[in-house]
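Colleague: Output the structure for:
(3 chains)
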Amino acid sequence: MKKKILSAYEKLLSQFGHKTRDPRHGTVVWWPADSDYEVVVGAILTQNTNWKNVEKALANLKNANKLSEVAILDTSIPELETLIRPSGFYRQKAERLKLATKKWLELKQKKRTNDFDVLELRNELLSVKGIGKETADSIILYAFHKPIFVIDAYTRRFCKAFFNFEAKGYDDYRLLFESSLPRDVKLFKEYHALIVEWGKQN
DNA sequence: CTCCAGGGGGCCA
DNA sequence: TGGCCCCATGGA
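Modeller: Down below sits the predicted model:
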């Protein structure tokens, strides 16, 4: 199984090619964002929502000069709702954005002194209302740049199609990849990106 | 018109 | 845990 998972990555890579490079971290990244914090915002806004709609909401925030930690925390809920409305579920997401932002700032501070274990980081994020496993893992991988494998609907379909693997829980899928691959941030980022590229064409 | 998109929470058995 | 409903917009 381990070999299959690595060879499937090679196959996707030859089919779709590398994603764009992120000059800030020198890693291959697929999540489009001008800052790590923008990844956090996008991770909340994209919940059960087409990315195109997320882009509109992000553009609204940028045009209003609101795409920063302090700005989000200082902006009223009604104003936030108006700005992110195109991404849908705007009432929930306005509140979730504030909660996620507070935790994000807290974790960035702690990181300097403690240096979190990845799973500790995950549990911290999961304690926030509005952050589930997929959102937490997306933030860890694409905003904190720490190795954890992100599972989404595409990944489940991919496992069925390529490995005939079906599991019940999110972590069953996550551990399948993590136990079969070197713990490499760049690899995890790119593999997930390639699976999504594959999924969009199927 | 229907269906779904880069989910998650709350409730209930 | 597993099933079900709710949240809401915009594009196909």
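Colleague: where along chain A do the strands fall?
Modeller: A:21-22, A:27-28 (DSSP state E).
Colleague: Out of those strands, which gets the lowest mean score?
Modeller: Among the strands of chain A, strand A:27-28 carries the lowest mean pLDDT, at a mean of 56.
Colleague: Disregarding residues adjacent in the polypeptide, which is nearest to the residue of chain A found nearest DNA strand B?
Modeller: Residue nearest to DNA strand B within chain A: A:G132 (2.5 Å; C-beta to the nearest atom of the strand). Backbone N, C-alpha and C define where each C-beta goes, glycine included. In space, and not counting its chain neighbours, A:G132 is closest to A:L126: 7.3 Å by C-beta to C-beta, 6 or more residues apart in numbering.
Colleague: and the one you found, how many residues sit next to it?
Modeller: Look at A:L126: counted by other C-beta atoms under 10 Å, it has 13 neighbours.
Colleague: Dihedrals phi and psi, A:P32?
Modeller: Dihedral pair for A:P32: phi -80, psi 120, per degrees, to the nearest 10.
Colleague: That one: how many residues sit nearby?
Modeller: Applying other C-beta under 10 Å, we find 15 residues neighbouring A:P32.
Colleague: Kindly report the same for A:E120.
Modeller: The burial count for A:E120: 13, using other C-beta under 10 Å.
Colleague: wait, what's in contact with it?
Modeller: Listed by C-beta atoms under 8 Å, 6 or more residues apart in numbering, A:E120 has no contact partners.
Colleague: wait, A:N60 sits on A:L80?
Modeller: No - A:N60 is beyond contact range of A:L80, at 10.0 Å (criterion: C-beta atoms under 8 Å).
Colleague: So which of these two has more stuff around it?
Modeller: Comparing A:N60 with A:L80 by other C-beta under 10 Å, the one with more neighbours is A:L80, at 22 against 17.
Colleague: is it true that the more buried one touches A:I72?
Modeller: Yes - at 7.1 Å, A:L80 and A:I72 qualify as touching, with contact defined as C-beta under 8 Å.
Colleague: Need the residues touching each of the two.
Modeller: Going by C-beta under 8 Å, 6+ apart, residues that sit against A:L80 and also against A:I72 are A:K66, A:L97, A:K98.
Colleague: Adding neighbour count, write those out as a markdown table.
Modeller: Below are the shared contacts of A:L80 and A:I72 laid out as a markdown table (neighbours: other C-beta atoms under 10 Å):
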| residue | neighbour count |
| --- | --- |
| A:K66 | 18 |
| A:L97 | 25 |
| A:K98 | 18 |
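Colleague: which of these come close to DNA strand C?
Modeller: With C-beta under 7 Å from any atom of the strand as the criterion, the shared contacts of A:L80 and A:I72 include none near DNA strand C.
Colleague: and of those, the nearest to A:K52?
Modeller: A:L97 (19.0 Å; C-beta to C-beta).
Colleague: Might you report the residue contacts of the closest one?
Modeller: Per C-beta under 8 Å, 6+ apart, neighbours of A:L97: A:V41, A:I44, A:L45, A:I72, A:L80, A:I84.
Colleague: same deal with A:A136?
Modeller: A:R122, A:L125, A:L126.
Colleague: With that, I have no additional questions.
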